[in-house]
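# just coords:
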């Protein structure tokens, strides 16, 4: 007997690479409201994103703030029902297409279910990148190494794609400092297409940029007509523009409500 054909949009979406359409089927855009007003990607700005993973709903947030030559990163990701991984970084960036990191400070730690840092989980790093030499200090130890050029970080790319020239963008080749730590070579960022899509009843024209390279899952960045990054997709994960991302993470997982404070 022939098996009945499943007609389940949710199941079909899970069998395909994530797309904007699939994210909408999963309900990822339930908090999404397309931002209004002008946006200057070269001026000071602050943006937040909810981090979503297939089958896990909202799992974290990413906040980015750019002012002059400084990019600040604040991120929290749920590791399990009992822990939350925090990362905070302040990056001094070059005024170039990739926002090349020149120096940075990074702190990372794990919170337990009580919302307090788990002992012995904090890591603090200071680093400087100059003339292809990366000096990285953790505690009393400093390690130096040669790194390729040009080079940027995964967080810097969220900033960089907003300053690209749409369809006129020439492919960018670079190395990647993943989480300002692991070096991944032979990376490329390219313009893919302009795409019209309706999200929450509003038609948007989005430019898509693709990042591929050795040792990384492809990333797809969707930028609106004001050059504001709205969605970034990689593998089974998506970062979606959400000014109240911190609040939504606090509300989403069971047992977490009230643990996180919304920034003033």
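Done, it's in. None of the values given here were measured: they were computed from a predicted structure.
# shouldn't residue 206 be in contact with residue 227?
No - proximity of residue 206 to residue 227 does not meet the contact threshold set by C-beta atoms under 8 Å, at 10.8 Å. Every C-beta, even on glycine, is put in place using the N, C-alpha and C of the backbone.
# Remind me which helix or strand residue 177 belongs to.
strand 172-178 (DSSP states H and E).
# who's in contact with that strand?
Residues from elsewhere that reach strand 172-178 (C-beta atoms under 8 Å, 6 or more residues apart in numbering): 97-98, 101, 147-154, 183-190, 213, 216.
# One more pass at 7 Å, please.
With contact meaning C-beta atoms under 7 Å, 6 or more residues apart in numbering, strand 172-178 is reached by 97-98, 101, 147-148, 150-154, 183-185, 187-189, 213, 216.
# Could I get the buried residue list for stretch 156-175?
Using 16 or more other C-beta atoms under 10 Å as the test for burial, stretch 156-175 gives 156-164, 169, 172, 174-175.
# And the helices in the stretch 1-150 of the chain?
Assigned by DSSP state H, counting those that start in this stretch, the stretch 1-150 of the chain shows helices spanning 9-14, 20-25.
# Lowest average confidence across those helices, which one?
If the helices of the stretch 1-150 of the chain are sorted by mean pLDDT, helix 9-14 sits at the bottom with a mean of 46.
# quick one: low-confidence parts of this protein?
Scanning the chain with the threshold set as pLDDT under 70 gives 1-16, 80-82, 252-264.
# Longest strand of it, counting residues only.
Counting residues, the longest strand found in the chain (DSSP state E) is strand 182-199.
# tell me which residues in the helix or strand that comes right after that one are buried?
Counting by DSSP H and E, the next helix or strand C-terminal to strand 182-199 is strand 202-213. Applying a neighbour-count criterion of 16+ other C-beta under 10 Å, one finds 204, 206-209, 211, 213 buried in strand 202-213.
# which outside residues touch strand 202-213?
With C-beta under 7 Å, 6+ apart as the test, strand 202-213 has contacts from 34, 157, 161, 164, 166, 176, 184, 186-197, 218-225, 230.
# What separation is there between the spatially closest residue to residue 134 that is not a sequence neighbour and residue 174?
Once flanking residues are discounted, residue 134 sits nearest to residue 147: 4.9 Å by C-beta to C-beta, 6 or more residues apart in numbering. From residue 147 across to residue 174, the span is 11 Å (C-beta to C-beta, to the nearest Å).
# can you check residue 29 too?
Distance of residue 29 to residue 174, computed by C-beta to C-beta: 31 Å.
# Please apply the same query to residue 71.
16 Å.
# same check, this time on residue 155
Taken as C-beta to C-beta, the span from residue 155 to residue 174 is 14 Å.
# Equivalent analysis for residue 73, please.
19 Å.
# do the same with residue 159
14 Å.
# thinking again about what came up before, distance to residue 238 added to the buried residues of strand 202-213, as JSON lines?
JSON lines is the format used below for those (distance: C-beta to C-beta, whole Å):
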{"residue": "204", "distance to residue 238": "16"}
{"residue": "206", "distance to residue 238": "14"}
{"residue": "207", "distance to residue 238": "17"}
{"residue": "208", "distance to residue 238": "14"}
{"residue": "209", "distance to residue 238": "15"}
{"residue": "211", "distance to residue 238": "14"}
{"residue": "213", "distance to residue 238": "19"}
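# Show me which of these is closest to residue 140.
residue 213 (33.9 Å; C-beta to C-beta).
# Specify the beta-bridge partners of that closest one.
Residues in a beta bridge with residue 213, per DSSP bridges, are residue 187.
# Same question for residue 195.
Using DSSP bridges, the bridge partners assigned to residue 195 are residue 206.
# If you tally nearby residues, what's the number for it?
By other C-beta atoms under 10 Å, 13 other residues sit near residue 195.
# can you count the residues close to the residue nearest to residue 47 when sequence neighbours are not counted?
Among residues not flanking residue 47 along the chain, residue 64 sits closest, at 5.5 Å (C-beta to C-beta, 6+ apart). Applying other C-beta under 10 Å, we find 19 residues neighbouring residue 64.
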